[in-house]
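> how would this look folded up:
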Amino acid sequence: MFPQRLDSPLAYDIAKAMLDGFNRHYRLFRLESQRAKHRFETQDWHGQQRAQRERIEFYDLRVKEAVQRLEKEFKAGEQPMDVWHQVKLHYIGLLIDHHQPELAETFFNSVTTKILHRTYFHNDFIFVRPAVSTEYIENDEPAATATYRSYYPTRETLHENVVRIVDNFRLQRPFEDLDRDAALVVEAISARLNQVKLRANFQVQVLSSLFFRNKGAYVVGKIINGFSELPFTLPILHGRKGLVIDACLFGEDELQMLFSFARAYFMVDMEIPAAFVQFLRSLMPRKPRGELYSALGLAKQGKTLFYRDFLYHLKHSSDKFRIAPGIKGMVMLVFDLPSFPYVFKVIKDYYPPQKDTTREQIQGKYLLVKQHDRVGRMADTLEYSEVAFARERFEDELIEEIRKFAPSQLEIGDRDGDGHEEVVIKHLYIERRMIPLNIYLQEAFDGGEQAQVERAVVEYGNAIKDLVAANIFPGDMLWKNFGVTRNGKVVFYDYDEIEYLTECNFRKVPQARNEEEEMSGEVWYKVGPRDVFPETFEPFLLGNPAVRDVFLKHHADLLDPAFWQSHKERILAGHVFDVFPYERDKRFARRHGAAATDPARVQHA
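The predicted structure is shown next:
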């Protein structure tokens, strides 16, 4: 342990330069989030998607800039460890009264670990544990710009308070009929409250910034009545004649769908992100804080918190990592820890001949998914490098599997010289664990649960159609490449063959010219590298008659090239489809005839 002295002016200068780098990052991040409001108002959907994609790259760019400055101005990598220890202490001092201290600590770690040797990756030099509390950070601005606003309606004034809540966001676009929409919201709230007595502290608390994603803006808040709290959100969309409130969603489960790990990150203007996360946790207590930070676009902070939770879990568990159950993949080696609800994926070194790909191409596919609109149908991934585990926590069979298929990604030894053998995985993706759809269906068949089979098959088709609406062709559509979440959603998670829909050529299988061609077991017609023949999906997907009947009833169009080609043409023409993060029957549009009834839009959640 180093003595607690601060006698190095150089250490202070390094700390100040590092915080300057973070402040620049968050200023640019917040500016891009603020611009989302204007893009929503002007219906600049392509600009919104582009900004969501580009904002993900901000963090790494700012870290790189900070490292370059520290090396150029201070020769940071040549400084003794006593100076680096003081850098951290000075940095902690600079974070007093800072409004994003937890993010600044993570930024410090990102910069420092690119300069120091990994033997210094402990709490004397980086923030293994947070040093500055995020509890009760106060904004010095007036109450109007506080994290959330409180409203105190009665049953009689609830309508005018709903109007005031929406008006306070000052959207520069008129509503079709805000009074009509407010009446629908009041009706929905009244149905939930029913004859419940309103208590003295009855109030509505609403986060002070709208949540923007794709073509929607969301009001997020909660209704407090005595000891009970009811989370809610109001999606705002563009109708034919102006803005409309499209629905009123209630409760933790419906908000979990909105903040799903399988959806794109929100754009939200936040002065104090920890306060937003604290408020959101009161609405969704089962949602890990790391996932909430990620949902708010602060993915690096999400990774930091996930990893701290993971290390804590390892400390308080004793089971071993194993080869994940299910059909083994040809490209990814997957393992899990039975007591932990995530899976760990390593890119193999060798692939069978039918998989014409490279490690770099696979990493590019995962990056595409990270930056793309995941529309609730593609799982987000956490990407890590040089991850160390205790060797004793690995089953021998798993170690041999990694040695066999991904030897370049494995290192075993005592790297820190402390007498403890470690397994180090060079590059790793971590995803939320789901039940593979093929296993889910088999269990439903075994249990005679025909209704469960039907729901899963319908959801599978809906998932593919949502991906199509997002300009994604999944490539390998086998059931094993999809998973079922705890709330029954079907999500795609095998990305090594995905392509943009607009880069694929959808064709009908040519008519055989003679009996020899018709009876041939081989493909006798010319096939280009991105040609897709939807008719050929049927033999691979619909071998089970029960599955086939349900699929053809609900999703026969997926076997028709015209379906795929028509969506491709609309996307190429600039159309952006709607994919709603809630069920169709929640929507007011069906009752007040707003524009969101366009039959060409995707209508399922």
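> mind listing the helices in the stretch 1-150 of the chain by residue range?
Counting by DSSP state H, counting those that start in this stretch, the segments of the stretch 1-150 of the chain that form helices are 9-41, 45-55, 58-74, 81-94, 101-112.
> Would you tell me which of the ones you listed gets closest to Asn194?
helix 9-41 (34.1 Å; Cβ to Cβ). C-beta here means a position set from N, CA and C on the backbone, and glycine is covered the same way.
> can you pull the buried residues of that closest one?
For helix 9-41, burial by neighbour count (16 or more other Cβ atoms under 10 Å) applies to 11-12, 14-15, 17-19, 21-22, 25-26, 29-30, 32-33, 35-37, 39-40.
> same question, stretch 527-542
Those would be 532-534, 537, 541-542, for stretch 527-542 by 16+ other Cβ under 10 Å.
> Going by the annotation, which residue ranges form each domain of the protein?
9-120, 143-313, 317-433, 437-574 (automatic domain parsing).
> Adding distance to Val132, write the ones you listed out as CSV.
Shown next, in CSV, are those (distance: least, Cβ to Cβ, whole Å):
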stretch, distance to Val132
domain 9-120, 4
domain 143-313, 10
domain 317-433, 24
domain 437-574, 34
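> With respect to Lys586, which of these lies nearest?
For the domains of the chain, proximity to Lys586 was assessed by Cβ to Cβ; domain 143-313 is nearest, at 4.5 Å.
> what distance separates that closest one from the middle of the whole chain?
Centroid separation for domain 143-313 versus its chain: 18 Å, with Cα atoms, centre = their mean, to the nearest Å.
> Kindly report the same for stretch 357-371.
16 Å.
> That stretch: which residues count as buried?
Buried-residue list, stretch 357-371, by 16+ other Cβ under 10 Å: 359, 362, 365-366, 368-371.
> can I get the residues you listed in CSV with pLDDT and secondary structure?
Listed next are those as CSV, based on pLDDT from 0 to 100; DSSP: H, G, I helix; E, B strand; the rest coil:
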residue, pLDDT, secondary structure
Arg359, 93, helix
Ile362, 94, helix
Lys365, 93, helix
Tyr366, 93, helix
Leu368, 92, helix
Val369, 93, helix
Lys370, 91, helix
Gln371, 90, helix
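> Quick check: buried residues in stretch 387-400?
For stretch 387-400, using 16+ other Cβ under 10 Å, the buried residues are 387, 394, 398.
> now stretch 194-208
202-208.
> And stretch 344-359, by the same measure?
Residues of stretch 344-359 classed as buried by neighbour count (16+ other Cβ under 10 Å): 344-348, 351, 355, 359.
> Now tell me what touches stretch 348-356 from outside.
330-333, 357, 359, 405-409, 496 (Cβ atoms under 8 Å, 6 or more residues apart in numbering).
> Go through those and say which is closest to Ser294.
Distance ranking of these against Ser294, using Cβ to Cβ, places Met332 first at 21.5 Å.
> Touching, the closest one and Ile347? I think so.
Yes - Met332 is in contact with Ile347 according to Cβ atoms under 8 Å; the separation is 6.2 Å.
> which stretches of the stretch 301-450 of the chain have low pLDDT?
415-416 (pLDDT under 70).
> same check, this time on the stretch 501-605 of the chain
Looking along the stretch 501-605 of the chain with the criterion set at pLDDT under 70, you get 514-522, 524, 590-605.
> residue boundaries of the helices in it?
In the stretch 501-605 of the chain, the helices defined using DSSP H, counting those that start in this stretch lie at 515-519, 537-541, 545-555, 561-572, 589-592.
> How about Pro288: what's its closest non-neighbour residue?
Nearest residue to Pro288 in three dimensions, chain neighbours excluded: Asp309, at 6.6 Å (Cβ to Cβ, 6 or more residues apart in numbering).
> What is the burial count for that neighbour?
Number of residues near Asp309 (other Cβ atoms under 10 Å) recorded here: 14.
> Now it: which helix or strand?
Assigned by DSSP states H and E, Asp309 belongs to helix 299-315.
> Pull up the pairing partners for the very next helix or strand once past that helix, direction included.
Later in the chain than helix 299-315, the nearest helix or strand by DSSP H and E is strand 322-323. Sheet pairing of strand 322-323 (DSSP bridges) gives strand 332-336 (antiparallel).
> what's the following helix or strand after the strand it pairs with?
strand 342-347.
> That next one vs strand 332-336, what angle?
For strand 342-347 against strand 332-336, the angle by axes from the mean of the first three to the mean of the last three Cα atoms, to 10 degrees is 150 degrees.
> Can you spell out which helices and strands pack onto strand 342-347?
strand 332-336, helix 359-371, strand 422-432 (3 or more Cβ pairs under 8 Å, 6 or more residues apart in numbering; DSSP states H and E).
> the inter-axis angle of the first one versus strand 422-432?
Going back to what we said before, that points to strand 332-336. 90 degrees.
> roughly how far apart are the most centrally placed residue in the chain and Tyr59?
For the chain, the residue nearest the mean C-alpha position is Phe261 (3.9 Å; Cα atoms, centre = their mean). For Phe261, the distance to Tyr59 equals 19 Å [Cβ to Cβ, to the nearest Å].
> With Glu535 instead?
44 Å.
> rewinding a little: out of the helices of the stretch 1-150 of the chain, which gets nearest to Leu296?
Using Cβ to Cβ as the criterion, the shortest distance between Leu296 and the helices of the stretch 1-150 of the chain is 8.9 Å, found for helix 9-41.
> ok, of the contacts of stretch 348-356, which come out buried?
Neighbour-count burial (16+ other Cβ under 10 Å) applied to the contacts of stretch 348-356 gives 330-333, 359, 405-406, 409, 496.
> Would you format these as CSV with distance to Pro561 included?
Output for those, formatted as CSV (distance: Cβ to Cβ, whole Å):
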residue, distance to Pro561
Met330, 27
Val331, 27
Met332, 30
Leu333, 35
Arg359, 33
Phe405, 36
Ala406, 38
Gln409, 39
Asp496, 24
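> Among those residues, which one sits closest to Glu65?
For the buried ones among the contacts of stretch 348-356, the closest approach to Glu65 (Cβ to Cβ) belongs to Arg359, at 27.8 Å.
> got the contact list for Gly297?
Counted by Cβ under 8 Å, 6+ apart, Gly297 has contacts 29, 33, 55-56, 265-268.
> Please report how far it lies from Ile571.
Per Cβ to Cβ, Gly297 is found 25 Å from Ile571.
> Would you check which pair of the buried residues of stretch 357-371 lies furthest apart?
Most distant of the buried residues of stretch 357-371, by Cβ to Cβ, are Arg359 and Gln371, 18.9 Å apart.
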